[in-house]
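**Q** fold the following, please.
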Amino acid sequence: MGSTMKKLLGVLAISVVAAAPAVAHPAVVKATPAAKSAVAPPAVISVQFSEALEARFSGFDLIAADGKKIATAPVSLDNSKKTMSAAPSSPLSAGSYKVAWHAVASDGHKVEGAYDFTVK
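**A** You can find the predicted model right below:
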């Protein structure tokens with residue numbers, strides 16, 4: 001391959017990379033209780049993300065091991081901390097729980113996921 005062709009391919013590669021839009025999706029940075037942790041009954045469940053979220057389209061459900069949804073206070077969003085949180089309506093008993101979250105970033109990207117923790 002000639003040097004002119006190598007230069008052309010190099011310029012083309014740089015152009016493609018520079019023209020590609022930055023695509024980011026909100027990702028979980030920290031969760032309390034942490035995934036796979038064994039904890040005392042938590043007063044609050046919180047999930048922190050890598051970017052600000054749209055409150056109307058973001059939230060989570062707390063689900064017991066038997067699949068039943070656990071009542072919580074309404075999920076609140078603190079975008080200064082990129083965190084959503086809610087308190088269980090009553091103390092959690094010993095057992096396994098899942099936090100099933102969904103989040104929409106301010107640019108419209110939607111993601112969802114879940115993690116488990118155990119109450120001792």
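**Q** how much space between Thr72 and Ala38?
**A** As defined by C-beta to C-beta, to the nearest Å, Thr72 lies at a distance of 20 Å from Ala38. Every C-beta, even on glycine, is put in place using the N, C-alpha and C of the backbone.
**Q** show me what counts as buried in stretch 48-58.
**A** Phe49, Glu51, Ala52, Leu53, Glu54, Ser58 (16 or more other C-beta atoms under 10 Å).
**Q** any idea of the mean pLDDT for that stretch?
**A** Stretch 48-58 carries an average pLDDT of 95.
**Q** partners of Met84 in the sheet?
**A** On the basis of DSSP bridges, Met84 is bridged to Val47, Leu77.
**Q** thought it was touching Val44?
**A** No: with contact defined as C-beta atoms under 8 Å, Met84 and Val44 do not form a contacting pair (10.7 Å).
**Q** with neighbour numbers in mind, choose between these two.
**A** Met84 (22 against 13; other C-beta atoms under 10 Å).
**Q** need the contact list for the more buried one.
**A** Going by C-beta atoms under 8 Å, 6 or more residues apart in numbering, Met84 touches 46-47, 49, 53, 58-60, 75-78, 101, 103.
**Q** circling back to that earlier point, neighbour count winner among Thr72 and Ala38?
**A** Thr72 (18 against 12).
**Q** give me every residue that touches the residue nearest the centre of the chain.
**A** The centroid of the chain falls nearest to Val28 when counting by C-alpha atoms, centre = their mean (3.6 Å). Contact analysis of Val28 by C-beta under 8 Å, 6+ apart lists Val47, Gln48, Phe49, Ser50, Trp101, Gly113, Tyr115.
**Q** farthest pair within the residues you listed?
**A** Ser50 and Tyr115 (15.5 Å; C-beta to C-beta).
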